[in-house]
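Asks: the following comprises the amino acid sequence and a computationally predicted model.
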There are 4 protein chains.
Amino acid sequence: MSSLSQRFVLTLACANRPGIVAAVAGHLSNAGLNILDAQQYDDTQTDRFFMRVVFDPVSGGADVEELKSGFAPVAERLGMTWTLRDPSEPRRVMLMVSRFDHCLADLLYRWRIGELPFEPAGVIANHPAHTYSHVDLGGIPFHHLPVTRDTKLEQEAKVWEVIRDSKADLVVLARYMQVLSDGLAAKLAGRCINIHHSFLPGFKGAKPYHQAHVRGVKLIGATAHYVTSDLDEGPIIAQDVEPITHRDTPDDLVRKGRDIERRVLARAVRHHLEDRILLNGSKTVVFAD
Amino acid sequence: MSSLSQRFVLTLACANRPGIVAAVAGHLSNAGLNILDAQQYDDTQTDRFFMRVVFDPVSGGADVEELKSGFAPVAERLGMTWTLRDPSEPRRVMLMVSRFDHCLADLLYRWRIGELPFEPAGVIANHPAHTYSHVDLGGIPFHHLPVTRDTKLEQEAKVWEVIRDSKADLVVLARYMQVLSDGLAAKLAGRCINIHHSFLPGFKGAKPYHQAHVRGVKLIGATAHYVTSDLDEGPIIAQDVEPITHRDTPDDLVRKGRDIERRVLARAVRHHLEDRILLNGSKTVVFAD
Amino acid sequence: MSSLSQRFVLTLACANRPGIVAAVAGHLSNAGLNILDAQQYDDTQTDRFFMRVVFDPVSGGADVEELKSGFAPVAERLGMTWTLRDPSEPRRVMLMVSRFDHCLADLLYRWRIGELPFEPAGVIANHPAHTYSHVDLGGIPFHHLPVTRDTKLEQEAKVWEVIRDSKADLVVLARYMQVLSDGLAAKLAGRCINIHHSFLPGFKGAKPYHQAHVRGVKLIGATAHYVTSDLDEGPIIAQDVEPITHRDTPDDLVRKGRDIERRVLARAVRHHLEDRILLNGSKTVVFAD
Amino acid sequence: MSSLSQRFVLTLACANRPGIVAAVAGHLSNAGLNILDAQQYDDTQTDRFFMRVVFDPVSGGADVEELKSGFAPVAERLGMTWTLRDPSEPRRVMLMVSRFDHCLADLLYRWRIGELPFEPAGVIANHPAHTYSHVDLGGIPFHHLPVTRDTKLEQEAKVWEVIRDSKADLVVLARYMQVLSDGLAAKLAGRCINIHHSFLPGFKGAKPYHQAHVRGVKLIGATAHYVTSDLDEGPIIAQDVEPITHRDTPDDLVRKGRDIERRVLARAVRHHLEDRILLNGSKTVVFAD
């Protein structure tokens, strides 16, 4: 979509019933707001309704807090879970990384050229800063928080402190190769995206490319998902694959996988930042562009 | 989507202005109709608005003619081009074919197993019936209308007669290798789908696989489009490609192309039958599922 | 490749050692045979060598039995497992099917137009013939062998008898929804291809599309593999996927899956018929075209 | 493939005749060299034969110049165009770029992590250095060679001087948005790769994404090709596409295109560096991995 002067994004979920669209569209119209884009989904199995609406003021300006106050009664009447955001106020994103920095470098590149609209809140790494010496971190705060089996508890406490103090809205595990504890996963529910280097549910756990090589599959993939306490079981946001052949060694799979991982993770992060993802139990509704 | 007892599909296009969604949703809600699905698109370059709404009656039944009468004033006020259909009344489709019958066989198979909801109005071929002896035409009327350069005018007159008499809503050129005259193309505007065996706009005209082989491209494709008087220039509905290598001969491309052609054509026909395609000048808006 | 008058296909596997290619190429050259195409693969993990060679006589004709006698000493010296075939002698293929006949119809279509070079040895179905009344079986022997939990043993005995008597070289489970017993699987080792309607190793077992829907994946797939006694664990030959969205119901997945299944199965069958697949433990080497 | 201690790559092309493989394999075997991988292609239309062989010494070391001397008589006898290289001696690559640096940043990232085995010979840009301030150029020589319509002749003379003095083996136009003159294109024949941001032959020339938007195609693509004096007509090395919809603005296409461009260009450069590409008239033979 072209970038207009001022626009807002409303997302909502509620029990399905007749008249929801009319109620929402009617409210916006009466409030002098023009719908630019709307997508909806009716999950007939759970009878839940999901919607994403982009709108702008027909004339003059608008204040996001006033818009929220205006919409609150509609939302309350229909029992909605909802958000209303001004996309020009970028979200703060904490990036977490281990040794391999291809996803980190890729996300920062997309941020720099304005493709991904976020504000870096910091980088947390369990490897020292010189590991990433060729990635331009500019003024982004860098936190080296090494971890061993024995210090995991303390390290996670520090990780959480950094996230909290940075006021991060979203945490991206950009090939951060440590499993988050249930406690930390719970604190980050719905706002922590991980990239797993397999086409889930195949090849959960460690060394998925080696697992794929042993099994002899003909495609490899990557999966971006929200982190939950259930390892590699969180709601899936995006997946993609590439063909491979018997000639590909595990190293070849790692190389081909890097390209898949970075584009799948970037897509998931973009969809999150643009409020295109709504949680639907253990699954996601993704109102793609 | 699950198949409900009774549902209707409304499509509309009009000049963009605030309040269209509210007007449509409000009308439907007031008329006791429940929106099951809605997709919209606002072409900011032409300032035209497009919408597709699926709805059902909240209770009891509904009559499509009454629904149309009810909606007509809304449509008139907003200057809409619109359709409102009961998808349980299948459209009549005329299939046209030349020597290669892979698209014909594929469409008929999808029709037989209930995947494509249409009513075959007939098959028009410029080759005799025995060419298709292994395709089960069942009771579908078969019209052998051979054509030469000298008899094109007369043949097209008969083609038109057959289409008209069969009350076909849609004509599908399923590898019908004759160029329609401007006159016939005009009569079938917006309701005649062709499959071209290249990734348009590359390789227009005859023998596209041979052109592709000569040029040495690394992907080949197929394009389904509405037929216009401008050969291979009609609004594109669907496209797809497959990788090829230097080892592929023109015959290999023809073989690989058959798979692409039949799935691209089937997708285009399905989207047309489900009222998912709206014309937008020389382009299409496709509200995909 | 273009079809030449007479050509032969040699496949071989042996422990790797220097000079294999020279030995094979030298033998063929000395025997007045010209290499048209050769592909090889050296599995550095198992140190096994695989090769596929297509050749024709430089002049005059050749007899496949004489060619075999000539090559036998080379093969013996290097400890090869090998085959040498005249591809103009088509293999006999037994097709097995349950209720859904999209793969059956597709394979027969590809056979009829000469795309897949085989000789149908028969169709075995656990549903009665009228289930497939719209598929043109021509003169292909049809065997209705119904099965229940109680009669599985007897039914499989009959299945085996039919396969044996038909002199089938290859058995294709074209959506045959019965698990073969270990005994039957063993008898058909390396010459029985199954299509599983998921992207293995994800969603093994029954109702994979429903499993995929519950898990909320964003791609679905299909896998063609050789049948072994280990259900859904046989050597994978071919796989492919298609994107899906939250809007797709299990029925939509079944529909989209049909297209993936038939093209993946057709590809696997073609590669088998063209001697492009060599077994490498629990994996396959596929010398693709 | 795994990286062995010492290996060599031989590529050759010649008129087809019986016994070429035997001659090559026999020579290598007699010289105490072991074939690790071999791929061949016989263009039956032009009757030209192409081959790529990877080999290592059975024992001890080998010198590339001695290997060349040894092979020269075989090559001469069969009239071959050939190369024999030690891949551990990386080629020198000159990168040329205009304002958009996504391909430049991507190639340098792949070089830094050891994915692309080359030695940067320099960067030539027609924009000043600060345009690329966030790309870590390390010690790579940077040449700002601005160009206008009036100074094109002089600028190209300088470009050529820089390329020549840098001893670059390969020039990569990484979104360098200036058309090379016939003269410069000729000097760089077979060793200059360009990325064109369309699926050629569709949308040649300027602003292909805008052309694609106007035409309403449903897929966009990118093409890597060798540069020839014929603009956008050089031998195609690699192509790929992504689906788009009516909702995508030209800006969206530019964004989606960046991902396609960088992966297609990286693939082409890798294949060139690994001696996988042989020219076949106006086409390429790509012995893919």
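Replies: Okay, I see it.
Asks: near chain D, which residues of the stretch 151-289 of chain A?
Replies: Listed as neighbours of chain D in the stretch 151-289 of chain A under the rule Cβ under 8 Å from any Cβ of the partner chain: A:247-249, A:251-252, A:255, A:258-259, A:263, A:289. Bear in mind the C-beta positions are built from the backbone N, C-alpha and C, glycine included.
Asks: closest one to chain B out of those residues, please.
Replies: Proximity to chain B was ranked across those by Cβ to the nearest Cβ; first place goes to residue A:289, at 11.4 Å.
Asks: on the three-state scheme, the closest one is what?
Replies: In the three-state summary, residue A:289 is assigned as coil, counting by DSSP: H, G, I helix; E, B strand; the rest coil.
Asks: next, the angle from the helix ranked longest in chain A to helix D:250-273.
Replies: Ranked by number of residues, the top helix in chain A under DSSP state H is helix A:250-273. Using axes from the mean of the first three to the mean of the last three Cα atoms, to 10 degrees, the inter-axis angle of helix A:250-273 relative to helix D:250-273 is 170 degrees.
Asks: immediately after helix A:250-273, which helix or strand?
Replies: Following helix A:250-273 in sequence order, the next helix or strand is strand A:277-280 (DSSP states H and E).
Asks: other SSEs contacting that following strand?
Replies: Contact partners of strand A:277-280 among helices and strands, from 3 or more Cβ pairs under 8 Å, 6 or more residues apart in numbering or on different chains; DSSP states H and E: strand A:8-15, strand A:48-57, strand A:283-286.
Asks: without its sequence neighbours, what residue ends up closest to residue A:116?
Replies: Taking Cβ to Cβ, 6 or more residues apart in numbering or on different chains as the measure, residue A:116 lies nearest to residue A:110, with 4.3 Å between them; neighbours along the chain are not counted.
Asks: output the contacting helices and strands for the strand or helix carrying that neighbour.
Replies: Secondary structure assigned from DSSP H and E places residue A:110 in helix A:102-112. Helices and strands in packing contact with helix A:102-112 are listed as strand A:91-97, strand A:118-125, helix A:250-273, helix D:102-112; criterion 3+ Cβ pairs under 8 Å, 6+ apart.
Asks: what's it in contact with?
Replies: Contacts made with helix A:102-112 from outside it, assessed by Cβ atoms under 8 Å, 6 or more residues apart in numbering or on different chains, are listed as A:95, A:97, A:116, A:118, A:120, A:123, A:132, A:135-137, A:140, A:172, A:174-175, A:195, A:258, A:261-262, A:265-266, A:269, D:102, D:105, D:109, D:113, D:134.
Asks: for chain A, give me the ranges with low pLDDT.
Replies: Counting by pLDDT under 70, chain A contains low-confidence ranges at A:1-5.
Asks: need the three-state assignment for the residue located most distally from the centre of it.
Replies: The outermost residue of chain A, judged against the average C-alpha position, is residue A:247 (34.2 Å), by Cα atoms, centre = their mean. Secondary structure of residue A:247, reduced to three states by three-state DSSP: coil.
Asks: hmm, residue A:275 is touching residue A:85, no?
Replies: Yes - applying Cβ atoms under 8 Å as the test, residue A:275 and residue A:85 come out as touching, 6.0 Å apart.
Asks: re earlier: just the CA trace of the longest helix of chain A, in PDB.
Replies: What follows is the C-alpha trace of helix A:250-273 in PDB, where atoms were taken according to Å, rounded to 0.1, in the frame of the first residue of the first chain:
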ATOM      1  CA  PRO A 250      24.800 -31.300   5.900                       C
ATOM      2  CA  ASP A 251      27.100 -28.300   5.300                       C
ATOM      3  CA  ASP A 252      25.200 -27.600   2.100                       C
ATOM      4  CA  LEU A 253      21.900 -27.800   3.900                       C
ATOM      5  CA  VAL A 254      23.200 -25.300   6.500                       C
ATOM      6  CA  ARG A 255      24.100 -22.900   3.600                       C
ATOM      7  CA  LYS A 256      20.900 -23.300   1.700                       C
ATOM      8  CA  GLY A 257      19.000 -23.100   5.000                       C
ATOM      9  CA  ARG A 258      20.500 -19.700   5.900                       C
ATOM     10  CA  ASP A 259      18.600 -18.100   2.900                       C
ATOM     11  CA  ILE A 260      15.400 -19.800   3.900                       C
ATOM     12  CA  GLU A 261      15.700 -18.800   7.600                       C
ATOM     13  CA  ARG A 262      16.400 -15.200   7.000                       C
ATOM     14  CA  ARG A 263      13.500 -14.600   4.600                       C
ATOM     15  CA  VAL A 264      11.000 -16.600   6.700                       C
ATOM     16  CA  LEU A 265      12.000 -14.700   9.900                       C
ATOM     17  CA  ALA A 266      11.900 -11.300   8.100                       C
ATOM     18  CA  ARG A 267       8.400 -12.100   6.800                       C
ATOM     19  CA  ALA A 268       7.200 -13.100  10.300                       C
ATOM     20  CA  VAL A 269       8.700 -10.000  11.900                       C
ATOM     21  CA  ARG A 270       7.200  -7.800   9.300                       C
ATOM     22  CA  HIS A 271       3.800  -9.300   9.700                       C
ATOM     23  CA  HIS A 272       4.000  -8.900  13.500                       C
ATOM     24  CA  LEU A 273       5.100  -5.300  13.200                       C
END
